[in-house]
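J.: Structure, please.
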Amino acid sequence: MAGEGVILKKAREEKGWTYSDVENNIKIRVRYLEAMENEDYEILPGPIYTKGFLRNYSRLLGLNPEEIVNYYLSSIDQHTEPVVYAPLKPIRSTPVWFKPIILIVMAVFTIVLVVGISYLSQGDKDPNGSSFTPTPLPTAPQTSDPGEDGKDTEQPPDESPVVYEGLVAELSFTEDCWLRVRVDGNVVIDGMRRAGVTETLQGTKLIEFLTVGNAGGLTITLNGKEIPPLGASREPVYDYVITEETLEDL
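T.: Alright, predicted model coming up:
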């Protein structure tokens, strides 16, 4: 700990201000103010936001913002990279449209086999005295229904719906957006995502959007159903949680 938290707390108390007084003035939530004074930066939404919060808080208290930020930078490891997990893909069920094709291939194979056996059997007998009766050939299964004019009507393949396991959130970024996301207790995203990028997250019970810096630049589709926009362009959103109840409400 570099001591910037002690400096902030002392300056606030000297002015006789409560956390609520500061929150009403610079719109920084009380839990973040307490985290800065305690130097508990894991609670804050990331280094970029943390430095901005420290500068705003310092200016309000009449302190040197750059001095406070430098204290903060000296207390963290600048080379620590956020853990980003590879996006998970929804598990799709196998379509069943291929089954008629397999049946047709098997039927054709059977026909060829029977014809070959019949031909070989007749070749071993006297052609004038043969009483061989060919085995009736099987009929290939129909894959289409006849229409009113007698012509076959082609049937479309049977496409099964996508089957999702747990909570599958597909993220589409239409604008640059900084965010911090936790899935089942593990931080999977902590950084900037550029416009045009898509990612897929999968959890069992809980997906937490701890911070979304640009709510209007993010579209979330949960198990194939689009969630209403979290906010307007450049509007930050905090602590948005997705559970099984969220899916039921869509």
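J.: Give me the domain ranges for the chain.
T.: 4-74, 94-122+135-141+150-160, 167-249 (automatic domain parsing).
J.: Pull stretch 174-186 out as CSV, backbone CA atoms only.
T.: Below are the C-alpha coordinates for stretch 174-186, written out as CSV (Å, rounded to 0.1, in the frame of the first residue of the first chain):
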residue,chain,number,x,y,z
THR,A,174,-21.3,-2.3,-32.2
GLU,A,175,-19.0,0.3,-30.5
ASP,A,176,-15.8,0.2,-28.5
CYS,A,177,-16.6,-0.9,-25.0
TRP,A,178,-14.6,-1.5,-21.8
LEU,A,179,-16.1,-4.2,-19.6
ARG,A,180,-15.4,-6.6,-16.7
VAL,A,181,-17.3,-9.8,-16.7
ARG,A,182,-17.4,-12.7,-14.2
VAL,A,183,-18.8,-16.2,-15.0
ASP,A,184,-19.6,-18.5,-12.1
GLY,A,185,-17.2,-16.6,-9.9
ASN,A,186,-14.3,-16.4,-12.4
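J.: Pull the distance from it to the chain's centre.
T.: In terms of CA atoms, centre = their mean, to the nearest Å, the centre of stretch 174-186 is found 10 Å from the chain centre.
J.: Number the chain from 302, please
T.: Understood, numbering begins at 302; the last thing we discussed is stretch 475-487.
J.: List the buried residues of it.
T.: Applying a neighbour-count criterion of 16 or more other CB atoms under 10 Å, one finds 478, 479, 480, 481, 482, 483, 484 buried in stretch 475-487. Quick note: C-beta positions are derived from backbone N, CA and C, even for glycine.
J.: Can you give me the distance of the residue nearest to residue 525 when sequence neighbours are not counted to residue 404?
T.: In space, and not counting its chain neighbours, residue 525 is closest to residue 463: 6.1 Å by CB to CB, 6 or more residues apart in numbering. To residue 404, residue 463 is 26 Å away according to CB to CB, to the nearest Å.
J.: give me the beta-bridge partners of the most centrally placed residue in the chain?
T.: Residue closest to the average C-alpha location in the chain (CA atoms, centre = their mean): residue 501, at 2.4 Å. Listed by DSSP bridges, the beta-bridge partners for residue 501 are residue 471.
J.: which residues of this structure score low on pLDDT?
T.: Where the chain drops to pLDDT under 70, the residues are 302-303, 378-401, 415-417, 419-460.
J.: Can you identify each of the strands in it by residue range?
T.: In the chain, the strands defined using DSSP state E lie at 445-447, 453-455, 468-474, 478-484, 487-494, 499-504, 508-513, 519-523, 526-527, 538-543.
J.: give me every residue that touches residue 330.
T.: 324, 539 (CB atoms under 8 Å, 6 or more residues apart in numbering).
J.: try it again with 6 Å
T.: By CB atoms under 6 Å, 6 or more residues apart in numbering, residue 330 lies in contact with nothing.
J.: and residue 549, how far is that from residue 537?
T.: In terms of CB to CB, residue 549 sits 27 Å off from residue 537.
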